[in-house]
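1. everything below, folded, please.
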Amino acid sequence: MTEEELTKLIKADITGHLDKARDLFVFCALTGMRHSDSQAFNSSWITSEGILEFKQVKTGGKAMPPLYEASRKILNKYDDNLPRISNQKINKYLKDLFIKLEFNRPVKKHIVRGKVVYTEVKPLSEVISSHAARRTFISLCLQKGMPLVDVAKMSGHGDFKSMKPYIQVTRKHLRDVADRWEI
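-> Purely as a prediction, here's the structure:
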């Protein structure tokens with residue numbers, strides 16, 4: 001997701017199960033957590049420095065993302081107990097939510113079969129999943145100029161190779177970076 005889309009999602013006036021799904025997705029997008037880590041969340045992970053420090057469910061690696069104001073608000077809203085929603089349900093709710101919010105930006109989806117790569121273009125609302133939050137976190141941190149090594153430490157990646165698939169850079173970002181060099 002783009003920063004603009006994430007901001008629109010945070011500010012959206014919604015209620016019920018879509019509100020909980022949104023809050024869980026936003027929390028993951030602001031911390032780089034996988035859905036499985038959010039479901040294991042424990043307030044004891046919060047350090048005195050405002051950093052979450054936890055062992056990841058999937059890899060056992062250590063992640064250390066910061067808490068931002070928006071992520072703290074979500075924790076306060078739920079008394080430090082994030083909503084419990086299965087991965088299957090949250091993915092369905094996110095699709096419903098993104099349709100409701102008209103997040104229909106075309107997204108290229110690459111499918112690899114053997115050595116052949118097939119590309120499909122679909123609206124964001126059709127391809128959104130809980131894992132997009134982790135990609136959003138990594139991409140936005142890098143676009144904000146955070147060093148790769150720091151983003152890897154926050155997200156719990158052990159090396160660049162495992163982090164590379166998460167990195168998504170917009171054309172606008174590339175133009176902005178290129179414009180720093182005036183020749």
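
2. buried stuff in the helix or strand residue 177 falls within?
-> Per DSSP states H and E, residue 177 falls inside helix 171-178. Counting neighbours by 16 or more other CB atoms under 10 Å, one finds that the buried residues in helix 171-178 are residue 173. Placement of C-beta: from N, CA and C, glycine included.

3. same deal with stretch 84-100?
-> Buried residues in stretch 84-100 (16+ other CB under 10 Å): 85, 90-91, 93-95, 97-98.

4. select the longest helix from the protein.
-> Across the chain, the longest stretch assigned as helix under DSSP state H is helix 16-31.

5. what's in contact with it?
-> Helix 16-31 is contacted from outside by 1, 6, 9-10, 12, 14, 33-35, 38, 52, 65-68, 70-71, 74-75, 77-78, 82-83, 85, 89-90, 93-94, 96-97, 100, 130, 132-134, 136-137, 140, using CB atoms under 8 Å, 6 or more residues apart in numbering.

6. ok, now which ones touch the spatially most central residue of the chain?
-> With distances taken as CA atoms, centre = their mean, the residue of the chain nearest its centroid is residue 133 (1.9 Å). For residue 133, the contact set (CB under 8 Å, 6+ apart) comprises 25-29, 32-33, 35.

7. in a helix, it, correct?
-> Yes. Checked against DSSP: H, G, I helix; E, B strand; the rest coil, residue 133 lies within a helix.

8. which non-adjacent residue is nearest it?
-> Distance criterion CB to CB, 6 or more residues apart in numbering; nearest residue to residue 133, sequence neighbours excluded, is residue 28 at 3.5 Å.

9. count of neighbours near that neighbour?
-> Neighbour count of residue 28, defined by other CB atoms under 10 Å: 25.

10. give the contact list for the residue nearest to residue 55 when sequence neighbours are not counted.
-> Among residues not flanking residue 55 along the chain, residue 62 sits closest, at 6.0 Å (CB to CB, 6+ apart). Applying CB under 8 Å, 6+ apart, we find residue 62 in contact with 53-56, 156.
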